[in-house]
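Asks: coordinates only, sequence not included:
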């Protein structure tokens, strides 16, 4: 996944900042003439170029973005110094030498570095791509092997960006340190997401989808971070062990802010590997195993003592491995309906192996369980309650005999097929084992329950939008209710709040604005809304563009989200923010995920409107109007294919319009009052 359009990792920010500083030096020093062919710009030449720029007065000041990039590069290197204790290693020499050169560069340029308030923002400041094109064969590198005299210095492959050849001179250990900090940021973002959900500040659907996307992003980052170790993965394990050992030697108050992710990732990997590798399903003994013991899950994992966190992690991971194994054995794979962790854990059980991506996802799963505390089962219960109420409404709507309901009836078949029969508990009952939960999902899997709720709500929402477009029942009721209100025919104090919610939500989608307030425009507005010309202003994505994209990607249940799907959604979420930090530069991954969570929360709120209930009530009202009002039923304006569509048109066309509006209001009250 390319992060250039969506987010920026610490590693990519570091490389971009280093490149920008080098390019500014090369462009500003008018005496710098790179040799023909490939040219390498070393760290020591940074200072030489700066000396010449200052001496020849080639610049009045260093642009503020370049100063920020230089300081960011220095601070990034300094922050990792604790983990370079072996003074004889090549990585230590590379690290210290580059810090020295950057600090000397900063001192050399100090006369040109103004106070932040004084540094002008030059509108003519060339962008990075423009500068790079002037030196398309330029390489930027840190000290060479000859300088370091260290045979174990890692190789530094070159890559091309915007016609500029930049040498990847970051040593492997430094890259791992930055990767771990990005994982810490993602983990913190997920913890905040589920804390806000439990506090009622974030919907379950938004929390689940944001988390699933965050796990995809984390997996992509780890794949990129592990790429330099493709030939020797043990080298990565060695670096991780060294970092962990250094943390144990450091006093707790002196440890970096992100140290817990290293400890916990290492612990989870050690616990999960034997659980996955030792999973067996040859007999029914696993069905008779007792459930997890009661645990104190009122505190985050990072606040627990080592022994306590190990016990909590083991119990929770053993539970999810057991249930994932049983689900995979007794049910067909759900593919796109499953969250990333459940899907990858299923693959791990199948192959009896794990990797760092699964270990990090398992750590996040523990964080979610602890963030939810005693409410961990609420997402499953919420999904169960929504499924039951939705099924009842669709069945009630089908009993009305109204045409065009095939899509809703098909939705019931999809949900029933996805959930299937609870074969796990059915088998438990046959063995005389009490069932822990009467639902075909994990007993406490908030992420999976939330993703299923999101998928079904969006799928139903799309079907209801299509039904409104094709049949117009809701649009007709909107206009009738609005006309009755404008004519003063609604009883004092009587309201239909559910319908008003839909009018407010659907106005921008179908009506292109507000409903008419003049009697002469009632019929005109309704007919225009249903006409081919009026349909051109309808919002096809239903004001849920991000969720609509994701459900389209997952519509084929045999395919999970791809990196391209994730990148497109993150990019669109970024575009919804009017202002972007740092002059349009990509934002850190944690900020992008936070913005995505807020955007998805707003979209999820639209899914919670009483669509089905209003569709059912409107259908009953219009059917009773047809049944009781012979003049309307016999009108030539009523279509025989769908009688309900033309009821409002006939009312607005009749010379006794107010009389019929009053009768419609009476039927409204009777239908709504009978519930």
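Replies: Yep, it's here. Remember, predicted model here, so these are calculated numbers, not experimental data.

Asks: use CA for all of it now, contacts and neighbours both
Replies: Fine.

Asks: quick check, pLDDT for residue 671.
Replies: pLDDT for residue 671: 93.

Asks: apart from its chain neighbours, what residue comes closest to residue 22?
Replies: residue 46 (6.8 Å; C-alpha to C-alpha, 6 or more residues apart in numbering).

Asks: show me which residues of the one helix or strand that neighbour maps to are buried.
Replies: Counting by DSSP states H and E, the element that carries residue 46 is helix 43-55. For helix 43-55, the buried set under the neighbour-count rule, 16 or more other C-alpha atoms under 10 Å, comprises 43-47, 49-54.

Asks: for stretch 220-229, same thing?
Replies: Neighbour count says stretch 220-229 has 220-223, 225-226, 228 buried, by 16+ other C-alpha under 10 Å.

Asks: re earlier: tell me the one among the buried residues of helix 43-55 nearest to residue 278.
Replies: The shortest gap between residue 278 and any of the buried residues of helix 43-55 belongs to residue 43, at 51.2 Å (C-alpha to C-alpha).

Asks: residue contacts, the residue nearest to residue 22?
Replies: 22, 25, 101, 105 (C-alpha atoms under 8 Å, 6 or more residues apart in numbering).

Asks: nearest residue to the residue nearest to the spatial centre of the chain in space, please, no chain neighbours.
Replies: Geometric centre of the chain, nearest residue: residue 210, 3.0 Å, by C-alpha atoms, centre = their mean. The shortest distance from residue 210 to any non-neighbouring residue, by C-alpha to C-alpha, 6+ apart, is to residue 597 (5.7 Å).

Asks: can you check residue 409 too?
Replies: Once flanking residues are discounted, residue 409 sits nearest to residue 394: 7.0 Å by C-alpha to C-alpha, 6+ apart.

Asks: now do residue 364
Replies: Per C-alpha to C-alpha, 6+ apart, closest to residue 364 is residue 187, 6.6 Å.

Asks: same question for residue 236.
Replies: Closest to residue 236 by C-alpha to C-alpha, 6+ apart is residue 229, at 6.4 Å.

Asks: the residue nearest to residue 409 contacts residue 410, doesn't it?
Replies: No. The criterion here is C-alpha atoms under 8 Å, and residue 394 misses it with residue 410 at 10.2 Å.

Asks: check which helices and strands the one helix or strand residue 213 maps to sits against.
Replies: Using DSSP H and E, residue 213 sits in helix 204-226. If you count contacts as 3 or more C-alpha pairs under 8 Å, 6 or more residues apart in numbering; DSSP states H and E, helix 204-226 packs onto helix 172-198, helix 340-351, helix 356-372, helix 446-471, helix 563-575, helix 589-607.

Asks: can you tell me which of those helices is most buried?
Replies: The highest mean neighbour count among those, using mean count of other C-alpha atoms under 10 Å, belongs to helix 356-372: a mean of 23.

Asks: what's that helix in contact with?
Replies: Contacts of helix 356-372 (C-alpha under 8 Å, 6+ apart): 187, 190-191, 194-195, 198, 215, 218-219, 222, 264-265, 268-269, 272, 297-301, 313, 316-317, 341, 344-345, 376, 444-447.

Asks: again with stretch 652-663
Replies: 480, 483-484, 487, 489, 522-523, 625, 651.

Asks: let's see 6 Å
Replies: With C-alpha atoms under 6 Å, 6 or more residues apart in numbering as the test, stretch 652-663 has contacts from 523, 651.

Asks: between the two ends of it, how far is it?
Replies: 13 Å (C-alpha to C-alpha, to the nearest Å).

Asks: quick one: mean pLDDT for it?
Replies: 90.

Asks: kindly report the same for stretch 506-523.
Replies: Per-residue scores along stretch 506-523 average to 80.

Asks: and that stretch, how far out from the chain middle?
Replies: Computed by C-alpha atoms, centre = their mean, to the nearest Å, the chain-centroid distance of stretch 506-523 equals 35 Å.

Asks: cool, stretch 392-402 as well?
Replies: 35 Å.

Asks: return the set of buried residues in that stretch.
Replies: Buried-residue list, stretch 392-402, by 16+ other C-alpha under 10 Å: 394, 397-398, 402.

Asks: domain assignment for the chain?
Replies: Using automatic domain parsing, the domain ranges for the chain come out as 10-170, 176-382, 472-675.

Asks: and the second one, how far apart are its ends?
Replies: End-to-end span of domain 176-382 (C-alpha to C-alpha): 40 Å.

Asks: and residue 14, its phi and psi?
Replies: Backbone torsions for residue 14, taken as degrees, to the nearest 10, come to phi -60, psi -50.

Asks: quick one: it and residue 380, what's the gap?
Replies: Residue 14 is 42 Å from residue 380, where distance means C-alpha to C-alpha.

Asks: remind me which residues of the stretch 51-200 of the chain are low pLDDT?
Replies: For the stretch 51-200 of the chain, the stretches flagged by pLDDT under 70 are 85-88, 116-170.

Asks: show me the strands in it, by range?
Replies: 138-141, 158-161, 164-167 (DSSP state E, counting those that start in this stretch).

Asks: residues in contact with the residue lying closest to residue 588 once chain neighbours are set aside?
Replies: Once flanking residues are discounted, residue 588 sits nearest to residue 8: 4.9 Å by C-alpha to C-alpha, 6+ apart. Counting by C-alpha under 6 Å, 6+ apart, residue 8 touches 586-589.

Asks: ok so, going back, mind putting the helices and strands packed on helix 204-226 in CSV, distance to residue 635 included?
Replies: CSV is the format used below for the helices and strands packed on helix 204-226 (distance: least, C-alpha to C-alpha, whole Å):
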stretch, distance to residue 635
helix 172-198, 52
helix 340-351, 56
helix 356-372, 58
helix 446-471, 18
helix 563-575, 48
helix 589-607, 37
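
Asks: looking at those helices, which is closest to residue 618?
Replies: helix 446-471 (11.6 Å).

Asks: got the angle for that closest one vs helix 340-351?
Replies: 120 degrees (axes from the mean of the first three to the mean of the last three C-alpha atoms, to 10 degrees).

Asks: helix 446-471: what's the following helix or strand?
Replies: Under the assignment DSSP H and E, the closest C-terminal helix or strand after helix 446-471 is helix 473-486.

Asks: so which bits of that next one are buried?
Replies: By neighbour count on 16+ other C-alpha under 10 Å, the buried set for helix 473-486 is 473-485.

Asks: kindly report the same for stretch 655-674.
Replies: Buried residues in stretch 655-674, counted by 16+ other C-alpha under 10 Å: 658, 660-662, 664-669.

Asks: quick check: chain neighbours aside, which residue is closest to residue 471?
Replies: Here the residue nearest residue 471, using C-alpha to C-alpha, 6+ apart, is residue 645, at 6.2 Å.

Asks: A helix includes that neighbour, no?
Replies: Yes. Using DSSP: H, G, I helix; E, B strand; the rest coil, the assignment for residue 645 is a helix.
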